[in-house]
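Asks: pasting the sequence and the predicted coordinates here, then a few questions.
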Number of protein chains: 2
Amino acid sequence: MVNQLALGVDLGGTNVRAAVVDRESGVVTATVKGVHTDKSPEAVVASIARATDEATKLAGVVGRLSCGVAVAGQLRGDVVSVAPNLGWREVPFGLLLAAKLGRPVAVVNDLKAAAWGEFRVGAAREETDTFTCFVGSGIGGATIASGRLVLGARGVAGEIGHVKVKFEGGRLCGCGEYGCIEAYAGGVNLAAWMAESGLEGGAAELEVQAHAGNVEALRLWDFASSSLALVVANQVTALNPGMVVLGGGVLMRCPKLYERIVKTIETRALAASRVGLKIAFAALGDDSGVVGAAMLGSELQSRG
Amino acid sequence: MVNQLALGVDLGGTNVRAAVVDRESGVVTATVKGVHTDKSPEAVVASIARATDEATKLAGVVGRLSCGVAVAGQLRGDVVSVAPNLGWREVPFGLLLAAKLGRPVAVVNDLKAAAWGEFRVGAAREETDTFTCFVGSGIGGATIASGRLVLGARGVAGEIGHVKVKFEGGRLCGCGEYGCIEAYAGGVNLAAWMAESGLEGGAAELEVQAHAGNVEALRLWDFASSSLALVVANQVTALNPGMVVLGGGVLMRCPKLYERIVKTIETRALAASRVGLKIAFAALGDDSGVVGAAMLGSELQSRG
């Protein structure tokens, strides 16, 4: 009998979360958090092994579950090419995980996992075509077309945070390139930009200050929000999704930013591409990563 | 026995081209052109019927061939919602064609047909993931992900010509919206913009004048070319294709515009998304529409 449960892991820069998830309903039956102060691949893999073991025990599972691990980074197969939060480059993560856990593990991009979770059991479960954009410390995205995740030729489709919003130059992004939307509207970069401009706090504080009449705050907020909103609206024009799923910590804390994206889609995406379009906030909250990773992991592994 | 041949039709604003095409190799065995001064749906359908009849006879085909018709316009199923070149809105084209031709006919978007032709037997035949952009009188695109055409929730994915390149306002586009890249770099709109700016000719003349030191020509060329190039580079970042296929009359006549797009992809698309990326000119020339329409038509019809 195929187990109805699956393991999902959401790997962040400083912590890891493992969950036992029902593969059909997406219900999380057990969840365990771990912290890794040592970011070396070996330490992180050990931390994942502990968390998945504990979650499995907590759920009372006997036997082996399929496992999917979501990573905030660019992947090439199950190799992590770049994961800025972890400081990783070219880490053979899938091999390390399989060796430590004693079974094959699916390594997936965090935004693709979140988009898949929302598509299977979250905000977009009635849809076949979605565009997902999360704005947190960074900005990422994923596209689902006719019920299939768009992976791209090398698996890095969806890197919407690195769409350029300046014809030339622009602010330096964490990816090493200039003028990316993440360099302006991603939480980490936006806070740095605010500090350089003599403003305190992060995205949420910026939004409040901008709307309270602080001219400098308004300048930054206006550029970051109009750029991000146009990037998303242009993806609606290019992809014609049935639903745009928006999520992430920055969007959660910045209602006016969310509102501006919605309004820009409604006024600047091609009319034909937004007929019947729905726009929704991600419904799974902190669970989108673990749920999507568990589902994607079990589906990838059952396909062989 | 399934016939190895299929009919493809490329419908333009003033003429129609019908071809008998080998469904596997893409070889065109017979081709017939027709002109329709009357753009009413009935007259156009009659013109298509004549051209397909003649092409079938010319090829010496006995029996019925599957048929695909490519239209420059936005489709909803086999209804043409908007086709600016023909002045059509909400035309039940599939029904009219089926009634006149006495068989089911697949109606497909012209750029999706061209992208599919290039993918099956043209420049991209070794690829699984492509992004195609044609710049002619208008600008259109299409995406193929893991060997499947991205259609979008309502079938209008790929309308890259209507991606906005101005935060607000901008030049009026044929679609009725403002600030679309097509409003600047599409052949028809670019010529109108040149006339307003006291410049003669079209895209090809603009490129020559701009590079011969005409300041006003350079202003127009620089904005149109840098905007278009960034739109394409940003789609590479968002979609991670293995190949970008470029085509269309304007790009064919404007080598420096083509060069700028290539250079901008190489410098402004996210590094990870352009690892191993190929960029090629469409290989089927004037045949991409009929070949793609024939192949897409036969594939859609054999699926039922």
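Replies: All right, it came through fine.
Asks: Provide the secondary structure category for residue A:233.
Replies: helix (DSSP: H, G, I helix; E, B strand; the rest coil).
Asks: ok, it touching residue A:270?
Replies: No. Using Cβ atoms under 8 Å, residue A:233 is not in contact with residue A:270, being 9.0 Å away. All C-beta atoms are positioned from the backbone trio N, CA, C, and that covers glycine.
Asks: can you pull out the strands in the stretch 201-304 of chain A?
Replies: Per DSSP state E, counting those that start in this stretch, the stretch 201-304 of chain A carries strands over the ranges A:243-247, A:278-281.
Asks: per-domain residue ranges of chain A.
Replies: A:5-113+A:286-302, A:126-282 (automatic domain parsing).
Asks: any idea which of the ones you listed scores lowest on pLDDT?
Replies: Among these, domain A:5-113+A:286-302 carries the lowest mean pLDDT, a mean of 93.
Asks: where exactly do the helices run in chain A?
Replies: A:41-58, A:93-101, A:110-121, A:182-185, A:187-196, A:203-211, A:215-239, A:249-253, A:255-268, A:288-302 (DSSP state H).
Asks: angle of the fifth one against helix A:215-239?
Replies: Comparing the axes of helix A:187-196 and helix A:215-239 via axes from the mean of the first three to the mean of the last three Cα atoms, to 10 degrees yields an angle of 150 degrees.
Asks: buried sites along helix A:187-196?
Replies: For helix A:187-196, the neighbour count (16 or more other Cβ atoms under 10 Å in any protein chain shown) marks A:187-194 as buried.
Asks: now, which of those sits nearest chain B?
Replies: residue A:189 (15.3 Å; Cβ to the nearest Cβ).
Asks: I figured the closest one hits residue A:173, correct?
Replies: Yes. The pair residue A:189 / residue A:173 is scored as a contact, 6.7 Å apart, by Cβ under 8 Å.
Asks: in CSV: the strands of the stretch 201-304 of chain A, plus distance to chain B.
Replies: Converted to CSV, the strands of the stretch 201-304 of chain A look like this (distance: least, Cβ to the nearest Cβ, whole Å):
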stretch, distance to chain B
strand A:243-247, 8
strand A:278-281, 10
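Asks: before we move on, back to that, which among the domains of chain A is found nearest to residue B:32?
Replies: Among these, the nearest to residue B:32 by Cβ to Cβ is domain A:126-282 (31.5 Å).
Asks: right, is stretch A:77-93 up against chain B?
Replies: Yes. Using Cβ under 8 Å from any Cβ of the partner chain, we find that stretch A:77-93 touches chain B at A:81-82.
Asks: surely residue A:125 touches residue A:119?
Replies: Yes. Contact criterion Cβ under 8 Å: residue A:125 and residue A:119 qualify, at 6.8 Å.
Asks: same drill for these two, tell me which one is more crowded.
Replies: residue A:119 (25 against 13; other Cβ atoms under 10 Å in any protein chain shown).
Asks: setting aside sequence neighbours, what's the nearest residue to the more buried one?
Replies: Leaving aside its chain neighbours, residue A:119 sits nearest to residue A:144 (5.3 Å; criterion: Cβ to Cβ, 6 or more residues apart in numbering or on different chains).
Asks: wait, isn't that neighbour in contact with residue A:117?
Replies: No. Assessed by Cβ under 8 Å, residue A:144 is found out of contact with residue A:117, at 11.2 Å.
Asks: between those two, which one's more packed in?
Replies: Higher neighbour count among residue A:144 and residue A:117: residue A:117, with 32 against 27, using other Cβ under 10 Å.
Asks: what's the neighbour count on the spatially closest residue to the more buried one that is not a sequence neighbour?
Replies: Residue nearest to residue A:117 in three dimensions, not counting chain neighbours: residue A:292, with 3.1 Å by Cβ to Cβ, 6+ apart. Residue A:292 has 35 neighbours, counted by other Cβ under 10 Å.
Asks: can you pull the contacts of residue A:292?
Replies: A:8, A:68, A:70, A:108, A:112-118, A:120, A:284 (Cβ atoms under 8 Å, 6 or more residues apart in numbering or on different chains).
Asks: count of residues packed around residue A:280?
Replies: 16.
Asks: return the backbone torsion pair for the nearest residue to it once chain neighbours are set aside.
Replies: Of all residues not flanking residue A:280 in the chain, residue A:123 sits nearest, at 4.2 Å (Cβ to Cβ, 6+ apart). Reported as degrees, to the nearest 10, the phi and psi values for residue A:123 are phi -60, psi -30.
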